[in-house]
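Colleague: Here is a sequence together with a model predicted from it:
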Amino acid sequence: MAASISGYTFSSVCYHSANSSSDHEGFLLGEVRQEETLSISDSHIGSSEFLNVIEVHNHEPCAQLFSFYDYAGNVNEENLNRILKDRRKNVIGWYRFRRNTQQQMSFREQVIHKQLTHILGIPDLVFLLFSFISTANSSTHALEYVLFRPNKNRYNQRISLSIPNLGNTSQQEYKVSSVPNTSKNYASVIKEHGTEFFDKDGVMKDIRTIFQVYSALQERVQAVCCEVDQSERVREKIQEEVNKLKEEIALRKRNSAEEERRLQEAAAVTLPDNPALPDSSHSSLTQVMLSGPSVEPSLERPVNSSSPPIYSTTLLPDSPSAILLPRPQAVGSPGHPSPSLGLGNGDGSSSDSLNRQATGQEDQEEDDDEDSSEYENLVSEQLQLPSLTETVTLGRPATLWPDGDAHSPPGS
Amino acid sequence: SIVLHIMAVSAVHLESDAFLVCMNHALSTEKEEVMGLCIGEVWMSCVYEVDTNRIVHIHSVIILRRSDKRKDRVEISPEQLSAASTEAEISFEHRLADMTGRPMRVVGWYHSHPHITVWPSHVDVRTQAMYQMMDQGFVGLIFSCFIEDKNTKTGRVLYTCFQSVQAQKGSEYERIEIPIHVVPHEAIGKVCLESAVELPRILCQEEQDTYRRIHSLTHLDPITKIHNGSVFTKNLCSQMSAISGPLLQWLEDRLELNKHSIIKLQKEKERLTQELASL
């Protein structure tokens, strides 16, 4: 049983996850097939085996959690179809990205999985779990991933997921010298018949041909890239407009609520010489200010700018709040029981003030989208976790997870 | 007079679309280390004009060619760095200036450690120290990938950020850890997209250069020349199927996704506009 995912799809999942403040999930689209592999060994020639191959072609990210299921893990087929549309037939699995959690399916995930299996009619539906952990000071982060086959028996539950790549790009296969040969027959035959391969300039025809294929392909890549770029700009623009509208609406609602309150209080006052009106205009104003980007007030112009430093709070391009408030990628979603990994309390990060703001923002924005049932499986099972826990303290980590040939002992 | 205590970099903020390109690049090959430059800017925050926090903000990356492909020798020569920086500043400044209105420059480098631990080697630490001599805010990123724990069938990708320090004059350089945060960036920037699609071009360029050197050898017999031509063809095919193909697929998927998002956002915009009008 083998499974693969392209580096681009993998990176794309990481990218979507990085943009989510909470967990992220989606569907895996691709193909499962049986491949015949020919093996030629000394004992038999041409013995063939059948290998089940799972190929993930791309992913369909869900815009938010709970988009096709509820807190109890009941899957809503209508919502599912709305999300998948005609890609439903390409689904081979689903995935979830979580922070600071163990590499096991949670109870709710198992419930959802069973239902998806049934609704989608995919007996061997797979589940790809991404788990993100970081050192206390946020200098090092690890993304672990495991592909599960939950519908198979206990002993076949995990599959190795490979990421096909260029492999060996070294150019060692070129020959810099010919095998010495003084045979005149050899020389004359290969010269006479070999000329077929070369054009009048002595260049191999194949080279030109394959280069044309490459050029055409690269041109197409560029063209589609341009289209993607345009679509990104359009999307960015509309997103900004939507954000502005939301802000405007929120502002108006607050103002009208304040108006209402003031009118009511004015009506309630009976004694003319007792203006018991609290100064409420203040709070709405401060609220407005707070809703804007929380920028470190002393932030100055970047050092490398040629113009003199300007005291400015709006240096940043779109979504300033996002930039100055790094989503604590290194932090587990606040408010959740931190699992028994002991991976620091999650506020090891850059400057204190940034961190404070980051946590503050998190508390405001975060929906409590995970209830404790998600952590039902975080029992004291002794899992073979990497010794990432040893890297919690600053400085040199003791040992790390098993690696290949380390070319130097870490940090020594 | 004002005394400024310039601290080392206190944190690195890596925009998620730049992070995407780094990952793409790191995952492109498991047989050798890849590398590139980080483009962005440095923000200083001054508290009471005494304590200075330096935050390196990475907006995008440039994929580089490796001139020395020996194992463990990932480094960019100062000349290469300088040339790349100039080019970066010229091309990026022009493009990025339109969008952000701020000049960008080379603020660091990244490289990959396929099948190896994420920590920088002695060579990496020394290389980093060399870059810091030119720019003390220069940071190093390492992506470790193609790691698998055979027992638990768990795969891993790790990334770290570091700088180098010398405990005392003349002593060995040591790594210091720098906090790094991947910062959300909902849309993929133009510069990042362009960097991403450079990879197949760079790979082809490298192959062409090697082939040209081989081809210039005159003492090869026709069979050997045919062999070498086939190696070139084979390598280009590998590049197309391993890189160009998946890249194109991802671009197409992204385009689809954006189209759907735009439709949804349009609807939401209309709804909100109506709501606003009613208030």
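Modeller: Received, thanks.
Colleague: From here on, just use CA atoms for contacts and neighbour counts.
Modeller: Fine.
Colleague: Now do the helices in the chain.
Modeller: Because you didn't say which chain, this covers chain A. Remark: helices assigned in chain A by DSSP state H are A:7-19, A:77-84, A:107-120, A:184-194, A:205-268, A:281-291, A:320-324, A:352-365.
Colleague: switch to chain B, that's the one I care about
Modeller: Using DSSP H, the helices of chain B run over residues B:16-26, B:78-100, B:122-134, B:190-196, B:198-215, B:222-239, B:245-278.
Colleague: which non-adjacent residue is nearest the closest residue to chain A within the stretch 101-250 of chain B?
Modeller: When scored by CA to the nearest CA, the stretch 101-250 of chain B has residue B:179 as its residue closest to chain A, at 3.8 Å. The spatially closest residue to residue B:179, leaving aside those adjacent along the chain, is residue A:139, at 3.8 Å (CA to CA, 6 or more residues apart in numbering or on different chains).
Colleague: give me the number of residues near the one you found?
Modeller: 25 (other CA atoms under 10 Å in any protein chain shown).
Colleague: Make sure it is actually in contact with residue B:175.
Modeller: No - between residue A:139 and residue B:175 there is no contact under CA atoms under 8 Å: 11.6 Å.
Colleague: Give the intersection of the neighbour lists for the two.
Modeller: residue B:162 (CA atoms under 8 Å, 6 or more residues apart in numbering or on different chains).
Colleague: re the thing from before, export the helices of chain B as a markdown table, with columns for mean pLDDT and distance to residue A:8.
Modeller: Putting those into a markdown table (pLDDT from 0 to 100; distance: least, CA to CA, whole Å) gives the following:
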| stretch | mean pLDDT | distance to residue A:8 |
| --- | --- | --- |
| helix B:16-26 | 97 | 6 |
| helix B:78-100 | 60 | 24 |
| helix B:122-134 | 91 | 27 |
| helix B:190-196 | 94 | 10 |
| helix B:198-215 | 92 | 12 |
| helix B:222-239 | 93 | 14 |
| helix B:245-278 | 95 | 6 |
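Colleague: Redo the ones you listed as a markdown table? Include mean neighbour count and distance to residue A:68.
Modeller: Compiled in a markdown table, the helices of chain B are given as follows (neighbours: other CA atoms under 10 Å in any protein chain shown; distance: least, CA to CA, whole Å):
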| stretch | mean neighbour count | distance to residue A:68 |
| --- | --- | --- |
| helix B:16-26 | 27 | 26 |
| helix B:78-100 | 15 | 37 |
| helix B:122-134 | 19 | 47 |
| helix B:190-196 | 20 | 31 |
| helix B:198-215 | 16 | 37 |
| helix B:222-239 | 20 | 39 |
| helix B:245-278 | 17 | 17 |
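Colleague: can you tell which of those helices is closest to residue A:229?
Modeller: For the helices of chain B, proximity to residue A:229 was assessed by CA to CA; helix B:190-196 is nearest, at 5.8 Å.
Colleague: counting contacts, what elements does the closest one pack onto?
Modeller: With contacts taken as 3 or more CA pairs under 8 Å, 6 or more residues apart in numbering or on different chains; DSSP states H and E, helix B:190-196 sits against helix A:205-268, helix B:16-26, strand B:51-63, helix B:78-100.
Colleague: out of those, nearest to residue A:126?
Modeller: helix B:16-26 (23.8 Å).
Colleague: angle of the closest one against helix A:7-19?
Modeller: Comparing the axes of helix B:16-26 and helix A:7-19 via axes from the mean of the first three to the mean of the last three CA atoms, to 10 degrees yields an angle of 150 degrees.
Colleague: what's next to stretch B:190-199, contact-wise?
Modeller: Contacts for stretch B:190-199 (CA under 8 Å, 6+ apart): A:221-222, A:225, A:229, B:17-18, B:21, B:24-25, B:60-63, B:92, B:95-96, B:243, B:247.
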